[in-house]
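Asker: sharing a model prediction with you, sequence too.
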Amino acid sequence: MAKILIATNHSYMLYQFRRELIEALLADNEVILSMPFVGHEDDFAAMGCHCVETPIDRRGINPITDLKLLRNYFQLISSENPDKVITYSIKPNIYAGLVCRIKHKEYFANVQGLGTAFQKEMLAKIVTVMYKTALKKAKTVFFENSANADIFIKRKIISPNKIKVLNGAGVNLDTYPFMPYPADETVRFLFVGRIMKEKGVDELFSAFKRLKDEFGKRVQLDLIGFFEDEYKGTVEELDRQGIVHFHGFQTDTKPFYRDCSCVVLPSYHEGLSNVLLEASAMGRPVITTDIPGCKEAVNDEETGFLVKVKDADSLYDAMKRFVGLTLEKKKLLGKNAREKMEKEFDKKEIIQQTIEKLLGA
């Protein structure tokens, strides 16, 4: 039995997307979770995990708080003395990775997306140096798409032989079952995610306003998620006008996937979008941007449509085209989407590939 420490920046997200992997690891190993407590800590404890609260400023860059995080990881890894360490997201990857390198611990990092870190060249240079230092002795670095892995290779952060590209976290095909396509005459578009610029909401709102002017009550846009402060007024006003229906954060998105006609995610960057996998697994077509982290989940014209990134006209054209499809064609796109998930994104297969690297199973 090995003692495995998992460090991440969000307990809720870990439970949502890695719960099945942790269950598999618990079968023959002791698992310790280091994370901020923002939901599901009790569920993890009930599973048999030992949970350690580790505060992390997920977005800020503050040397004092980051040094404190580094110290916390050093104390935790020293006291728990794990056999293996698995990290998720940039700060655990870097700071827990640094501690593992110093203490000669076997560790595995997960790069779930590049986020904003590589969008600005000066910040990218700093992050490159930090990643290169932290991951130098990593056993394996998991990526969710090949394009992100190629950037790490190009920047000489890690060698190609340490890379393992997975199809994201996969999707639980039992949790997200295929559902019959709705026969409602209203075309219900659904956006699930943080309402922020990088998710493409400016383009989405622009495109849908045009659709609403053209089709009126024949189209509807539902929004699920938190909004960034800068979008509070915009979302509330659009909701007041009846242009969008804002439902806030939802712990269970399945009823919304079930009732929608199509999921729309015009994101600027993703690791591999779980929203697209979940919607597709339930038999719903998707419209998303032709970028790494989104395009892998879609067969253009077969399971949905790919559009140009940061292009409201391209998004409008695709959404309008979808409205004009026959019900049978929409059903076919959804059926194809489910089949793609079964062939390529079954979470059981992703877990097996991960464990083979972690434990040599």
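Answerer: Perfect, thanks for sending it.
Asker: figure out how far the helix or strand of the chain with the lowest mean pLDDT is from the centre of its chain.
Answerer: Lowest on mean pLDDT, DSSP states H and E among the helices and strands of the chain sits helix 121-134, with a mean of 86. Computed by C-alpha atoms, centre = their mean, to the nearest Å, the chain-centroid distance of helix 121-134 equals 22 Å.
Asker: next SSE after that helix?
Answerer: As assigned by DSSP states H and E, the chain's next helix or strand after helix 121-134 is strand 140-143.
Asker: pull out the buried residues from whichever helix or strand comes after that next one.
Answerer: Next along the chain after strand 140-143, taking DSSP H and E as the criterion, comes helix 146-154. For helix 146-154, the neighbour count (16 or more other C-beta atoms under 10 Å) marks Ala147, Asn148, Ala149, Ile151, Phe152 as buried. Heads up, the C-betas are built off the backbone N, CA and C, glycines and all.
Asker: pretty sure the fourth one contacts Val111?
Answerer: Which is Ile151. No. Ile151 sits out of contact with Val111 when judged by C-beta atoms under 8 Å, with a separation of 9.4 Å.
Asker: stretch 269-282: end-to-end distance?
Answerer: Terminal residues of stretch 269-282 are spaced 23 Å apart (C-alpha to C-alpha, to the nearest Å).
Asker: brain fart, stretch 32-49
Answerer: For stretch 32-49, the first-to-last residue distance is 6 Å (C-alpha to C-alpha).
Asker: OK, contacts around Val85?
Answerer: Val85 is in contact with Ile4, Leu5, Ile6, Ala7, Ile77, Ala96, Cys100, Lys105, Glu106, Tyr107, Phe108, counting by C-beta atoms under 8 Å, 6 or more residues apart in numbering.
Asker: could you find the closest non-adjacent residue to it?
Answerer: Leaving aside its sequence neighbours, Val85 sits nearest to Tyr107 (C-beta to C-beta, 6 or more residues apart in numbering; 4.1 Å).
Asker: confirm the one you found sits in a strand?
Answerer: Yes. With DSSP: H, G, I helix; E, B strand; the rest coil as the criterion, Tyr107 is part of a strand.
Asker: give the helix, strand or coil label for Arg258.
Answerer: Here Arg258 is recorded as helix under three-state DSSP.
Asker: skipping its backbone neighbours, what lies nearest it in space?
Answerer: Arg258 sits nearest to Met179 (C-beta to C-beta, 6+ apart), 4.8 Å away.
Asker: in terms of helices and strands, where is that neighbour?
Answerer: Applying DSSP H and E, one finds Met179 in no helix or strand.
Asker: contact partners for it?
Answerer: Per C-beta under 8 Å, 6+ apart, neighbours of Met179: Tyr257, Arg258, Met282, Gly283.
Asker: next, count neighbours for the residue lying closest to the third one once chain neighbours are set aside.
Answerer: Nearest-residue entry for Met282: Tyr257, 4.6 Å, with adjacent residues in sequence omitted and distances by C-beta to C-beta, 6+ apart. The number of residues packed around Tyr257, counting by other C-beta atoms under 10 Å, is 22.
Asker: cool, and the one 4 residues further on?
Answerer: When neighbours are defined as other C-beta under 10 Å, Ser261 has 22 of them.
Asker: show me where this protein has strands.
Answerer: Using DSSP state E, the strands of the chain run over 3-7, 30-35, 50-53, 84-88, 106-111, 140-143, 163-165, 187-192, 219-224, 245-246, 262-265, 286-289, 304-307.
Asker: phi, psi of Lys308?
Answerer: phi -70, psi 140 (degrees, to the nearest 10).
Asker: my guess is it meets Ser314, correct?
Answerer: Yes. Shown here, Lys308 and Ser314 form a contact pair, counting by C-beta under 8 Å, at 4.0 Å.
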